Structure formats: structure tokens, C-alpha cells
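# Give me the fold of what follows.
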Amino acid sequence: MDRKVVLAIVLMMVVAIVPSMFLRRGRPPAGQPGPAAAPADTLTPAVPAPAPPLPPPVTPPADQTDALTAREDTVVVSSPHYRYAFSTRGGRLIEATFLDYRSMKRQDSNAPAQILHPASNLLGLGLLIGRDTLWLRDWDFVPSSRALEVTAPQELTFSATRGSVDVSVTYAFRPTDYLFDVRGQVGGLGEQGATLLVGLGPGLRNTESDSVEHQRELGVVVKSAKAELTRFSKLKPALPLSFNGPFEWVAVKSKYFVTAILAPDSAATGLNGGIAGANAVSTDPLNKSPLTASVEAGIRLNPSGDFSYQVYTGPMEYERLRAIGHDFDDVNPYGWAWMRPIIRPVAVGARWLLVWMHDRLGFAYGVGLIAFGVLIRILLWPLNQKAMRSSMAMQAVQPLMKELQEKHKQDPQRLQQEMFKLYKEHNVNPLGGCWPMLLPWPILFALFFVFQNTIELRGATFLWIPDLSRPDPIFIIPVLMGISMYVLTKMGQLGMPPNPQMKVMLYMMPGMMTFLFLNFASGLNLYYTVMNVASLPQQWMLAKERMRRNPSPPGPKKKA
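Purely as a prediction, here's the structure:
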């Protein structure tokens, strides 16, 4: 898909620029693997790879036998927007269901989206003490409540003791927020410093109709100076990849959902409770593009054994992520890194406008896309007018340009001088018809990523289209896009002298673009079609103006 996107971008640029070049110029003049793990004795050690299976535990004191043989239980935390389920075995989160979002996976029968695997180790704990790792995954935690209905801010505490070590973790939930606070304390470590390991694996369960796309979007994101994404597909089996902090947050994402550990504001430096580092290793050795990985984040314990952090487990809603701060909205990137500075602001603005029209004006997203496409064409009308008239002026001097090329074909430097002189005499800007045509393309590119990453558009219906973020299942919109592109190009050639190259492009480019856009989001096809249709009146007016004027090219100057 990425190769198709690049090819589509190149072809769209060709469609925008090459015709103008044929009209005005004639014949041209001759002429990671990840960084190495930090040493264990540094201030912010990298989190080690998951430890091999532990040897049989030492027989505990008699007064703890009942606790260790207690059966595994589930504690459910629910609100009007989410349902979280914790296992008392290891205190890990084993279910995260979002009641406002439906699963698009056919087997889920439109049930609310549940993003965690059954063997999830999300929020499972471990302790890194020196070079030794003590996992708490088989510890039995005692909850303060067996169920929690969050209609107002409420807390849930898990506690466990084994030998001399005791652990207590308290979660503070809010009814309308997917972000919850975590604080706790580890006792019995003596004077030894330790790092708390917090699980983020094994990744997120697929809730989308396109499993391949879900697989491609899985990844680990860490944020220090900037957010850096490492896709699961880049992980190697049994080869740990270490991320050396300090980090403001560490996250595991899919296409539309994310789970993340965030350092509190006072600890973002990685010291005294901050995120010291992270570690990821594929646990899917039979798959070339892994679907699961063991991921842990390391949080430095205070000397007293206290710790605190925040957890976000929910949808990647841009406004919600942005409100958290720490550039957490960067976990959901718009565009490739090399073009993000240009694409991201446009994508954010386009997304805001579509959501605003939906929420404030009551427009369906399909209607909003139509209104957005027409609005863009209205705003660009003066620039398009200037570009088209500049092309008409270039056509008028084409005979003189050909004469100059024949006359000075053996002297490229002289040819260039004479062509600039010709432009000046006839008040022609050789680039005037080109750059205004490029202005719509950043918006089109940005919308590609809006439909790839915006959860608000997920499952948005329009007429026969079940999901604007997915391809049109019966390909009507891509075909209409190709037809509109053909009509627009044909109309632009009215009143022009015959040109074999333009005739080839008239048929070839709409066909190629239609084929490439078949598997793109139907919303993107709808926007592009509306842009073409909204351009037809202006193109028709200028074509009639060209034919009405029917300018005769100025003849060559007569010799004195």
C-alpha cells in the first residue's frame, strides 16, 4: 500500500504539471536497530529482555500458603464509556472494552471494541533489582473491591506480599476519561535501588475489517525529544530491542487504539519515578510481520519505594490525546516523517473542520466532505483563474518559441536568453500556470492520512458506502472520480491546437488514477471527485473565453 501511495502522489503531480510543460515549453534546450542496552549500573538502565522461566519458587511461610493457592479472579471496572477487567493473578489488565466504538471485525458481530488479547500482560508488574528480575505475574493480588461502577472518581487498590516484599498499587478512575492515575509502593527491598517494570504487551487485538492494515499499524512509540515509532514488523524473534530513556511516555498502538504509560509531570526526567527506558521483543516467531511482542517500560522507584504514573487505554481521539499534553497526540502521526511538517498542520485542520461540521452543523461526514471540496475550490478560484489564463498566454507564444528553438538549436545559452526576452515582451510568466495548480495537492495528501488515522471517521456511512475510511465495496466512487478527471481534462483542451502528448494523457491518466484509487478510502475518492466536478464550471468558462478570443500568435519580427 505504501508503494501505491507514493506512486499515486507522483502521478497526481504529473497530472498537475506535465500538461502545462507540454503547452508552454515545447522541446527543451539541449544541453535502527535500536541503541545498545545501557549498562545496568547507569542512572537510567535500559529495561532487560523478558527473563527466562523462573525456577520453582521457594516454599513460602505457612501463613501465606492460602494466599498463593487462591484461585484467579476478575475485577471489573465499568463506566458509561468503558469496561476494564483486571486479573487478580499478577494484577494485570485483561480486558479493555470501549462502549462508544464497535468492532469492525466480522467475527465480533458489531460488539463493542475490545482491544486486549486474552493473554494480555498490560500493567503486569516486575522488579529489576540490580541485574536480577523478579516477575510478579504469578503473584495473587488482593483487590479492595470485586467490582467498581465508576459514576464519579473512584479508586481500586491491589496488594500482594511474598516473602519480605510487599506491593500495593492504587488506580484512580474517572467516568468519562480513558486516562487514569496510578500510585503505589514497594516495600521490603531494603537499601537496594530498584526499577518497576510495567507490562504493555503482547500488543492490541484486531478490531478492524482489514487485518492486514491492522497488522501494519501495530507498533511501539516512545517520546523523549520527539515521538519515535517502531513497528512490530521491524522486531526480530528472540532479539530484544532496547529503548534508552528517559521518556515522557511509552505506548503500544494499533490503527485506532492505544495503550500508554505516561510519567507524571514532576518525573518526566526519568529520575525519581520517571520512565527510565523500554524493551520490546517479538513473541510471534512464525510470522514475518509479528502480531505480538513482549513490551515493558521501566519506572525508577523512589528511595522510599513509592512510584506513580498515568495510564491511557482508549481510542486515539486527537482532541483527547492533545489535552493530555506532552505531545501525546504524536502517538498518532499524520504522514511520513519526511513530509510531516507540511502534511500534519493541513491534516489537523481538515480533520477539525470535518468533525466540526459533523458535531456543530449536523452534517454527515460524506456531506461534510462534499461541502469541504466545494469550499476549497471556491477559495482557490482566483488562483486557478490566474493559472489558466497564464496557460492561455503561453499558448499564444508557442509558435514564436518553436521558431526560437529552431533558430538557436545549436546555441542553448542564446536560446535561453531569447526565451526570457520573449516572456518579458509578451508579459508571460512561465511558472504562472503551474504553482497555483499545486495548492490542492497538500490537502489531498493530508486527507489520505486523515482517513488512515482519524477514529471519528471510522465506520462513517454515506449513501451505499458502509465506511468512508474503507474502499468503496462496489467501486462506484473511484469510477466517478476517473470519469470526472477525464471530463475536466477534455474540457481543458477545448480550443487548443492538437497535441499528441495531451491526447495520450487524456485517456491514460484517468485510467491509471482510477486503478490506483480503487483501494483507497472511499472518502478520499469522494473528495477528489467533488474537487473535479466543482472545477468544471470554471474550466468551461475559460475554455469558452479561449475559443471566443481565439488569439492569433504574434508573427515573427520582420527584418529591417
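# what ranges do the helices span in the chain?
2-24, 65-68, 211-217, 318-324, 340-360, 365-379, 381-396, 398-407, 412-425, 435-438, 440-453, 476-492, 500-517, 522-549 (DSSP state H).
# Would you indicate which residues of the last one are buried?
If I follow you right, that is helix 522-549. By neighbour count on 16 or more other CB atoms under 10 Å, the buried set for helix 522-549 is 522-535, 538-539, 542-543, 546. In short, each C-beta sits where N, CA and C put it, glycine included.
# Now P303: closest residue in space, sequence neighbours ignored.
G193 (7.6 Å; CB to CB, 6 or more residues apart in numbering).
# brain fart, S224
Using CB to CB, 6+ apart and skipping the chain neighbours, the partner closest in space to S224 is F247 (5.4 Å).
# Tell me if I'm right that that neighbour and I275 touch.
Yes. With contact defined as CB atoms under 8 Å, F247 counts as touching I275 (4.3 Å).
# Return every residue with contacts to both of the two.
Common contacts of F247 and I275, defined by CB atoms under 8 Å, 6 or more residues apart in numbering, comprise 263, 297.
# What's the local residue count around E319?
11 (other CB atoms under 10 Å).
# need the helix or strand of this structure with the lowest average pLDDT.
In the chain, no helix or strand scores lower on mean pLDDT, DSSP states H and E than helix 65-68, which sits at a mean of 40.
# quick one: low-confidence parts of this structure?
The chain contains residues with pLDDT under 70 at 1-70, 265-273, 335-338, 388-389, 391-396, 429-439, 493, 495-503, 546, 548-560.
# domain assignment for it?
2-30+341-549, 76-332 (automatic domain parsing).
# Return the most buried member of these.
Highest mean neighbour count among those (mean count of other CB atoms under 10 Å): domain 76-332, with a mean of 19.
# And G188, how close does it get to L136?
Distance of G188 to L136, computed by CB to CB, to the nearest Å: 13 Å.
# ditto for N206
Applying CB to CB, the value for N206 to L136 is 28 Å.
# same question, Y82
25 Å.
# now swap in R216 and tell me
Taken as CB to CB, the span from R216 to L136 is 33 Å.
# sorry, back to before: compare the helices of the chain and give me the one nearest I115.
I115 lies closest, by CB to CB, to one member of these: helix 211-217, at 10.6 Å.
# got a list of contacts for the closest one?
1, 105, 206-208, 231-233, 253-255, 289, 291.
# quick one: which of those residues is nearest to V222?
When those are ranked by distance to V222 (CB to CB), K253 comes first, at 11.5 Å.
# tell me which residues form a beta bridge with that closest one?
Listed by DSSP bridges, the beta-bridge partners for K253 are G219, V258.
# who touches it in this structure?
With CB under 8 Å, 6+ apart, K253 has these contacts: 204, 217-219, 221, 229, 259, 316, 331-332.
# State the distance from the residue nearest the centre of the chain to P315.
Nearest residue to the geometric centre of the chain (CA atoms, centre = their mean): P333, 3.9 Å. Here the criterion is CB to CB. By it, P333 lies 16 Å from P315.
# what do you get for P118?
21 Å.
# on that earlier part again, adding distance to G124 as columns, could you present the contacts of helix 211-217 in a markdown table?
Shown next, in a markdown table, are these (distance: CB to CB, whole Å):
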| residue | distance to G124 |
| --- | --- |
| M1 | 34 |
| K105 | 25 |
| N206 | 21 |
| T207 | 22 |
| E208 | 26 |
| R231 | 23 |
| F232 | 19 |
| S233 | 24 |
| K253 | 19 |
| S254 | 19 |
| K255 | 24 |
| S289 | 25 |
| L291 | 19 |
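# Closest to M505 out of the residues you listed?
M1 (25.5 Å).
# before we move on, the earlier item: my guess is the residue nearest to the centre of the chain contacts E228. True?
No. At 10.1 Å, P333 and E228 do not qualify as touching, with contact defined as CB under 8 Å.
# that older thread, pull the contacting residues for the residue nearest to P303.
By CB under 8 Å, 6+ apart, the residues touching G193 are 300-301, 303.
# In JSON lines, list the residues you listed along with distance to I474.
Listed next are the contacts of G193 as JSON lines, based on distance: CB to CB, whole Å:
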{"residue": "R300", "distance to I474": "56"}
{"residue": "L301", "distance to I474": "58"}
{"residue": "P303", "distance to I474": "65"}
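# if we can go back for a sec, can you tell me which of the contacts of helix 211-217 end up in strands?
231, 253 (DSSP state E).
# of the contacts of helix 211-217, closest to E403?
Closest to E403, out of all of the contacts of helix 211-217 and judged by CB to CB, is M1, at 48.5 Å.
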